[in-house]
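Trainee: okay, here's the prediction I keep looking at, along with the sequence it came from:
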Amino acid sequence: MSRRKIIAGNWKMNKSPSEAVALVNELKDLVNNDEVDVVYCVPAIDIVPVVEAVKGSNVAVGAENMYFEESGAYTGEIAAPMLKDAGVKYVILGHSERRDYFKEDDVLLNKKVKKAFESGITPILCCGESLEQRELGVTMDWIRLQIKSDLDGVTAEQVKTLVIAYEPIWAIGTGKTATAEQAQEVCKGIRDLIAEMYDEATAEAVRIQYGGSMNASNAAELLAKPDIDGGLIGGASLKPDFGKIVNYNK
Ligand code: 13P
């Protein structure tokens, strides 16, 4: 079975609305590739102008976070229906920066994942180990725990459309990419876990990205691995290099 690759940029806390539109325009002719799904996950304030700027192109827009309640007194938060109405197709949930700096735990993330699906937005669910955990040899135990908790009560039909991003924390923003073998090993472990929790068909359908210092020179090798279905790209998504990653197969 062949899964369609999904290359997503995570802009993190970068680009004002006018800078965001300028970046979309700069990348416009570089990110054409009919064979892959292309997503820009942008800061909340950039969503409306970026949705407008990508109109008529192959690029979908994602959010970097959302809250699980429908609406109400949650100052500073953004609800899934608001994102949906603005034209958002994907939402990053459980990025390690949100887990670490903003103390998001798996109980909260599980509620967010369910709400995203309920609202017709595809979660890009992040998981990944610290350097200490890797050195202790508990990488897969940790990731299994994260995924099992985050997907509690999520149906097989939903998981078939889910995107999981494996992002080793030690590789994020460090220039230290996981080797293609290391990344493949964990992505395969995640797929095996999905088969265990659901069934083979669900495991075959779920898309698993690698993220962590992915760039134009290492993308092709990572994306050639059988269980790596795409990339979640930070730093390199803000540069023309992103176009080279999207066109890794050309
Ligand atoms: P870098 O590509 O900058 O390492 O960031 C990866 C990441 O965190 C994507 O979500």
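Mentor: Nice, thanks for sending it over.
Trainee: which strand residues bridge the spatially most central residue of the chain?
Mentor: In the chain, the centroid-proximal residue (C-alpha atoms, centre = their mean) is I124; its distance is 3.9 Å. On the basis of DSSP bridges, I124 is bridged to I92, V163.
Trainee: quick one: pLDDT of S2?
Mentor: What the model reports for S2 is a pLDDT of 85.
Trainee: what of the one 10 residues further on?
Mentor: According to the predicted model, the pLDDT of K12 comes to 98.
Trainee: confirm it sits in a strand?
Mentor: No: going by DSSP: H, G, I helix; E, B strand; the rest coil, the assignment for K12 is coil, not a strand.
Trainee: touching, it and Y101? I think so.
Mentor: No: contact between K12 and Y101 fails when scored by C-beta atoms under 8 Å: they sit 11.4 Å apart. Bear in mind the C-beta positions are built from the backbone N, C-alpha and C, glycine included.
Trainee: residues from this structure in reach of the ligand?
Mentor: Within the chain, the positions near the ligand by C-beta under 6 Å from any ligand atom are 10, 95, 167, 172-173, 211-214, 232-236.
Trainee: just put those residues in JSON lines and tack on secondary structure.
Mentor: Formatted as JSON lines, those follow (three-state DSSP):
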{"residue": "N10", "secondary structure": "strand"}
{"residue": "H95", "secondary structure": "coil"}
{"residue": "E167", "secondary structure": "coil"}
{"residue": "I172", "secondary structure": "coil"}
{"residue": "G173", "secondary structure": "coil"}
{"residue": "G211", "secondary structure": "strand"}
{"residue": "G212", "secondary structure": "coil"}
{"residue": "S213", "secondary structure": "coil"}
{"residue": "M214", "secondary structure": "coil"}
{"residue": "L232", "secondary structure": "strand"}
{"residue": "I233", "secondary structure": "strand"}
{"residue": "G234", "secondary structure": "coil"}
{"residue": "G235", "secondary structure": "helix"}
{"residue": "A236", "secondary structure": "helix"}
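Trainee: which of those residues are buried?
Mentor: 10, 95, 167, 172, 211-214, 232-236 (16 or more other C-beta atoms under 10 Å).
Trainee: next, give me the two most distant ones among these.
Mentor: Pairwise distances across those (C-beta to C-beta) peak at 16.3 Å, for the pair H95 and A236.
Trainee: now the closest residue to A60 other than its chain neighbours: how far from the ligand?
Mentor: With sequence-adjacent residues excluded and distances taken as C-beta to C-beta, 6 or more residues apart in numbering, A60 is closest to K89, at 4.3 Å. Computed as C-beta to the nearest ligand atom, to the nearest Å, the K89 to the ligand distance reads 17 Å.
Trainee: pLDDT score for K89?
Mentor: 98.
Trainee: cool, the one 3 residues further on as well?
Mentor: The predicted local distance difference test score for I92 is 99.
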